[in-house]
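Peer 1: structure here, sequence nowhere to be found:
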DNA sequence: TACGCTGCGCGAAACGTTTCGCTCTTTGAA
DNA sequence: TTCAAAGAGCGAAACGTTTCGCGCAGCGTA
């Protein structure tokens, strides 16, 4: 009832209950209450008095004030290209869970696939005095990252490296995964295998490209540059690249789409054209387990270890953040294995010929 | 170079450049620099001096300190059931964009489908002194929300109402959407229409239920309770409910799955059993435009206006936050229309009989 | 010439914490 | 019985801002 009749509250003003109020009600000094709040030992009588004062007043620590004083906000910033990509959200969820265990909270920023915004959001995170940053680089520029480094804020990179900075990085073994996927197609008898990649200068795309080439060389396949298509890794660009492959005079018998968006785009086109998978075309996708399951026939995909990526990144930032000299050791690089999850979207070329 | 040789920096300490430093370098008082920083007018000479000092020092305002002083953090908390649900992430993206325009940043908390955590995360948001909260309730309990209200922090609810609190709310016209979907099936000649709902006490599920009943009554259809299945709105529960409908002695000719997870579950089962849609079964799903597009045949779905939900919620909280007496007006309820997006997953019952 | 007004800058007090160093009390060993 | 050590609480300063109220010029008007 007090809450509704208090004029300050009705006016929308924050009627802040402070540690001072708790101290007064408990009949103790601020210092003692603070000590209790931070796990220090106080006399039993006082402990009871403080606890009672806290509940009756409804006291809640003001972490803004605490952060100002301690210069630690117990907050880690996460900067990603887009919050609407499932790949990112699954990683975020893992990061968040892991950090919460250690008492850190997470503040997520996405740059909406905009390099300018990537820099601005980094600025905002630093203004907010985050203790550390986990970043999935978008622009690939070192400049936004350098800001954090200059400020002495540790940064962990995930998914891709960035030229010009040396930092802890969590990567996926893209090259090997692509090699495996393409090898499986070659072993099924395919000789003309198309691949839809991303931008030429994108780290992950380059690695997947290398993996493709490695598989070809391994099996003595001559690489036809027409079969290698770069896109922007978005849906429209992915569609264009996929269509270009399909409409090749000597079109491939198998195609590997190397990220979620291009895989999705391919699925749309396949449905539209009524292509029979794997009779007309063998197809391996990337990420998006749920889409792979819903596609008919079930899609074979390369799956990245999203949960593990998040957990590892969280682990690394926590180590940097722990006072235990974590800051001193040099940059580490963790490369996580992914998985080729077999579906029914690839067939043997011999079967087709039969 | 200074950055790498500075021992404080190497030690990981934050070498904070403060407004004090800027004032000293610019040869002005702190007050003047602060005035400039906040858009106040200063003499041209001084403006130049300040700007130069800021760039040479690399000064960045400390919003923690500012927040302590102003009692406004320019931050809005967003509390959702799970960050891994596409429905939520699309809304968050819209909220974030809209709030950023007004200079607010967003801090997202998900409670991982855990009522306990919903309360804890609310506590954390309040400790962080967010200026307002946009919440998609999970537990349906008023208790966590009441905490914010007691603190005088405005709350906007999205997606569902909560008993015991009266607040601005952004809803979707679930009842009408369900009515439309079911009506379309009835008009196609279906008489036995199954529906997979969520928990009985969940607001959205109840509304969708009502819409189903309304459509039946409208067309003089007798409602068979066997055709109405409640689930937990998760994938395993959705599968069970869907299977129960399929395996009914007199199984339905059409089924309406009423959220993303149950729709996904249905898709898996349909693929597994090799059901021919819409010949064997007409099917309407919910949310998940991208899944609907990838499914064969393209799925007819009820789509919620995600972007609009986010934008409206942001709008409402901004109004509450603007000093312009926004706090005074009474709670508003916005009900947004959704859309029935036609695919190829529903057929006329007559066609089947032919 | 005098007066008041306006614009600009400044000092200092707060915001809600933590923490340092001090005092006082209690305890236990010599 | 004495004394040191340990335990507990306290006052006050500091964290980096904003903002209030004041003083000082400069200027236009009477």
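Peer 2: Structure's in. What do you need? This is a predicted model, so every value here is computed, not measured.

Peer 1: tell me where the stretch 51-200 of chain A has helices.
Peer 2: For the stretch 51-200 of chain A, the helices defined by DSSP state H, counting those that start in this stretch occupy A:63-70, A:86-101, A:115-127, A:143-151, A:174-187.

Peer 1: now do the longest one: distance to the chain's middle.
Peer 2: Its chain's C-alpha centre and that of helix A:86-101 lie 8 Å apart, by C-alpha atoms, centre = their mean, to the nearest Å.

Peer 1: got the angle between it and helix B:115-127?
Peer 2: Angle of helix A:86-101 versus helix B:115-127, following axes from the mean of the first three to the mean of the last three C-alpha atoms, to 10 degrees, is 80 degrees.

Peer 1: mind listing what's buried in helix A:86-101?
Peer 2: A:86-100 (16 or more other C-beta atoms under 10 Å in any protein chain shown). Where C-beta positions appear, they are placed from N, C-alpha and C, glycine not excepted.

Peer 1: got any ranges where chain A has weak pLDDT?
Peer 2: Within chain A, the ranges that satisfy pLDDT under 70 run A:1-15, A:323-328, A:350-354.

Peer 1: outline the domain layout of it.
Peer 2: By the assignment in automatic domain parsing, chain A contains the domains A:2-61, A:73-171+A:307-335, A:174-305+A:340-353.

Peer 1: residue B:148 is nearest to which of these?
Peer 2: Checking the domains of chain A against residue B:148 by C-beta to C-beta gives domain A:2-61 as the closest, at 11.0 Å.

Peer 1: centre of the chain to the closest one, how far?
Peer 2: Distance of domain A:2-61 from the chain centroid (C-alpha atoms, centre = their mean) equals 39 Å.

Peer 1: hmm, it in reach of DNA strand C?
Peer 2: Yes. Counting by C-beta under 7 Å from any atom of the strand, DNA strand C has neighbours in domain A:2-61: A:16, A:18-20, A:30-31, A:34-35, A:37-38, A:59, A:61.

Peer 1: hmm, residue A:160 is touching residue A:203, no?
Peer 2: Yes. Assessed by C-beta atoms under 8 Å, residue A:160 is found in contact with residue A:203 at 3.7 Å.

Peer 1: which residues do those two both contact?
Peer 2: residue A:140 (C-beta atoms under 8 Å, 6 or more residues apart in numbering or on different chains).

Peer 1: show me the strands in chain A, by range?
Peer 2: Secondary structure of chain A by DSSP state E: the strands cover A:75-80, A:105-110, A:132-135, A:155-158, A:168-172, A:193-197, A:228-230, A:254-257, A:282-286, A:300-303, A:333-336, A:339-341.

Peer 1: dump these to JSON lines, plus mean neighbour count and distance to DNA strand D.
Peer 2: Putting these into JSON lines (neighbours: other C-beta atoms under 10 Å in any protein chain shown; distance: least, C-beta to the nearest atom of the strand, whole Å) gives the following:
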{"stretch": "strand A:75-80", "mean neighbour count": "26", "distance to DNA strand D": "16"}
{"stretch": "strand A:105-110", "mean neighbour count": "25", "distance to DNA strand D": "19"}
{"stretch": "strand A:132-135", "mean neighbour count": "26", "distance to DNA strand D": "18"}
{"stretch": "strand A:155-158", "mean neighbour count": "26", "distance to DNA strand D": "21"}
{"stretch": "strand A:168-172", "mean neighbour count": "24", "distance to DNA strand D": "26"}
{"stretch": "strand A:193-197", "mean neighbour count": "27", "distance to DNA strand D": "45"}
{"stretch": "strand A:228-230", "mean neighbour count": "19", "distance to DNA strand D": "45"}
{"stretch": "strand A:254-257", "mean neighbour count": "29", "distance to DNA strand D": "48"}
{"stretch": "strand A:282-286", "mean neighbour count": "28", "distance to DNA strand D": "44"}
{"stretch": "strand A:300-303", "mean neighbour count": "24", "distance to DNA strand D": "45"}
{"stretch": "strand A:333-336", "mean neighbour count": "14", "distance to DNA strand D": "33"}
{"stretch": "strand A:339-341", "mean neighbour count": "15", "distance to DNA strand D": "47"}
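
Peer 1: sweet, I'm off.
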